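In: Following is a predicted model, sequence given first.
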Amino acid sequence: MFNTIIIRNGEVAIKGENRPVFEKKLMTNIKKALYGMQGYKVYKGEGRIYVDADPEIMDQVIDKVKNVFGVVTLSPAIKTEKGYDNLKEICLKVFEDAIENGEYKTFKMDVKRQNKSFHMTSPEMTKDIAGYILSQNPDVIAVDVFKPELTVYAEFRDNVNIVYARKIDGVGGLPVGINGKVATLLSGGIDSPVATYMASKRGLEIEAVHFHSFPFTSEKSAQKVEQLAKIVSLYTGNIKIHMVNLLPIQKEIAEKCPEELMTILSRRFMMRIAELIAQQTGCGALVTGESIGQVASQTIEGLTATNDVVKSMPVIRPLISFDKEDIIKIARNIDTFETSIIPEEDCCTVFLPKRPATKPKLEKIYKAEEALDVERLVSEAMENATVVDV
Ligand code: ATP
Ligand code: MG
């Protein structure tokens, strides 16, 4: 019975001239999310965004649209031609659908009249329609105008009638792409897919960089990362993954540097390479899934050491103060958790030091790196990188 969806993008921070840009991007992203389906239309009308959809795909469309960043709430609605008798009938329909799908003891009608030439005022119509609904549903529900459990909204407009009741939560955030593009360091773990999701939620388009140690890490562990990117891309839109083999670098570190610095030195190379890829692909920042104190390399000193090599852009760490349980909650919500916990070897575990340095001093790191031809190692890794589009 519903033939359209009202989209609300309530972000209060979207002021004045940004608004049209925001809405345009949101509409584009909704269309992208629905790409491949038949029987829908996305457009602006009456100052807001609508998605019309055929009844047989309505539920599916709602499921997709509510996951588009920038959609704060949405309401399935009926939009029909103007006329008061018509309005009364669809109010009854929407009411009956609502009470079929939920437990309500009280309700109220909310009628807004745009058509001022009509002989009834809004309060008169409200009373009349509520009375009509009650007469058709005796002993089912009572009117409560102050704290109703259910409100049926009716808009009596010049050209159309619009009626809706249910409000469904969307994911919120800002439309992807509105704030530019970032490169996320995507591992096969739990954290980085969540960090990617959260960065994207603030309107950032995603380019991903993954480091493997093939053939020490398997083809399957690379596929796992692709699978994770695919799940996250349902929210973020298309993701390109730059696959970089870190093995030659790790081998050289293992050969020439103190063992306890293995992890931290590898991570510095990851950051250097990610920064270069970011620069080449028009990204304005790096994103990682780091969180303070979670593992040996994520102490303040560890973060200082990895941060130190990134010279031209900020490193965004959306999870910096999150507890693991809270990260897992989001991972479950966005459906990455089950994939993340599939046991696969990671490039960092291949060369895991017995006792990793937890408070690495920069001077010590610089000293260790003197044994390496950093520039050559970085450029060789870049030359051998491949790109996967998910
Ligand atoms: P995750 O669950 O995201 O793997 P983690 O708790 O295992 O995180 P680390 O292994 O220390 O933490 O990695 C910290 C961050 O460094 C990750 O969140 C990710 O952004 C980046 N990172 C680690 N390993 C890789 C990798 N193989 N490829 C790309 N980025 C990586
Ligand atoms: Mg990891």
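Out: Here it is on my side, so go on. Residues are numbered from 1 along each chain as shown. Ligands and ions are numbered 1, 2, ... in the order given.
In: isn't residue 104 right up against residue 149?
Out: Yes. Between residue 104 and residue 149 there is a contact at 4.4 Å, judged by CB atoms under 8 Å. (C-beta placed from N, C-alpha, C; glycine too.)
In: neighbour count winner among those two?
Out: When residue 104 and residue 149 are compared for neighbours, residue 104 comes out ahead with 17 against 14, by other CB atoms under 10 Å.
In: Provide the secondary structure category for the more buried one.
Out: Here residue 104 is coil, with the state taken from DSSP: H, G, I helix; E, B strand; the rest coil.
In: check contacts around the closest residue to ligand 2 within the stretch 251-390 of the chain.
Out: Of all residues in the stretch 251-390 of the chain, the one sitting closest to ligand 2 is residue 346 (5.5 Å; CB to the ion). By CB atoms under 8 Å, 6 or more residues apart in numbering, the contact set of residue 346 is 187-189, 217, 221.
In: which phi and psi does it have?
Out: Taking degrees, to the nearest 10, you get phi -120, psi 150 for the backbone angles of residue 346.
In: Repeat that for residue 51.
Out: phi -120, psi 110.
In: pLDDT score for the nearest residue in space to it that is not next to it in sequence?
Out: In space, residue 51 comes closest to residue 5 once its chain neighbours are excluded; the distance is 4.4 Å by CB to CB, 6 or more residues apart in numbering. Residue 5 carries a pLDDT value of 98.
In: next one: residue 296
Out: pLDDT recorded at residue 296 is 70.
In: OK, contacts around it?
Out: 263, 302, 356-358.
In: likewise residue 334?
Out: Going by CB under 8 Å, 6+ apart, residue 334 touches 193-194, 197, 231-232, 235.
In: Show me the strands in the stretch 51-200 of the chain, by range?
Out: Along the stretch 51-200 of the chain, counting by DSSP state E, counting those that start in this stretch, strands occupy 73-81, 106-113, 142-143, 150-156, 160-164, 168-169, 181-185.
In: ok, the first one: who's next to it in the sheet?
Out: Here strand 73-81 has these sheet partners by DSSP bridges: strand 4-8 (antiparallel), strand 160-164 (antiparallel), strand 168-169 (antiparallel).
In: what number of residues lie near the closest residue to ligand 1 within the stretch 101-250 of the chain?
Out: Nearest residue of the stretch 101-250 of the chain to ligand 1, counting by CB to the nearest ligand atom: residue 189, 2.1 Å away. Residue 189: 19 surrounding residues under other CB under 10 Å.
In: Roughly how far does it sit from ligand 2?
Out: Plainly put, residue 189 is 4 Å away from ligand 2 if you go by CB to the ion, to the nearest Å.
In: Contact partners for that residue?
Out: Neighbour list for residue 189: 289, 340, 346 [criterion: CB under 8 Å, 6+ apart].
In: Which pLDDT does the model give the last one?
Out: On the pLDDT scale, residue 346 is placed at 80.
In: same thing with the second one?
Out: With respect to pLDDT, residue 340 has a value of 96.
In: How many neighbouring residues does the residue of the stretch 201-350 of the chain found nearest ligand 1 have?
Out: Using CB to the nearest ligand atom, the closest approach of the stretch 201-350 of the chain to ligand 1 is made by residue 289 at 2.5 Å. Residue 289 has 25 neighbouring residues, counting by other CB under 10 Å.
In: I figured it hits residue 195, correct?
Out: Yes. With contacts counted by CB under 8 Å, residue 289 reaches residue 195, the gap being 3.9 Å.
In: what is in contact with these two at once?
Out: Residues touching both residue 289 and residue 195 (CB under 8 Å, 6+ apart) are 317-319.
In: okay, the residues you listed in TSV with secondary structure and neighbour count next?
Out: Listed next are these as TSV, based on DSSP: H, G, I helix; E, B strand; the rest coil; neighbours: other CB atoms under 10 Å:
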residue	secondary structure	neighbour count
317	coil	22
318	coil	24
319	coil	23
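In: Switch the residues you listed over to JSON lines; also include distance to residue 352 and pLDDT.
Out: Shown next, in JSON lines, are the shared contacts of residue 289 and residue 195 (distance: CB to CB, whole Å; pLDDT from 0 to 100):
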{"residue": "317", "distance to residue 352": "22", "pLDDT": "97"}
{"residue": "318", "distance to residue 352": "26", "pLDDT": "98"}
{"residue": "319", "distance to residue 352": "22", "pLDDT": "97"}
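In: can I get the residues you listed in TSV with distance to ligand 1?
Out: Shown next, in TSV, are those (distance: CB to the nearest ligand atom, whole Å):
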residue	distance to ligand 1
317	9
318	10
319	8
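In: Relative to residue 44, which of the residues you listed is nearest.
Out: residue 318 (31.3 Å; CB to CB).
In: Report the separation between that closest one and residue 204.
Out: From residue 318 across to residue 204, the span is 10 Å (CB to CB, to the nearest Å).
In: which residues are in contact with both of these two?
Out: residue 287.
In: ok, the residue nearest to residue 217 when sequence neighbours are not counted - contacts?
Out: The spatially closest residue to residue 217, leaving aside those adjacent along the chain, is residue 345, at 5.1 Å (CB to CB, 6+ apart). The contact partners of residue 345, taken as CB under 8 Å, 6+ apart, are 216-218, 221.
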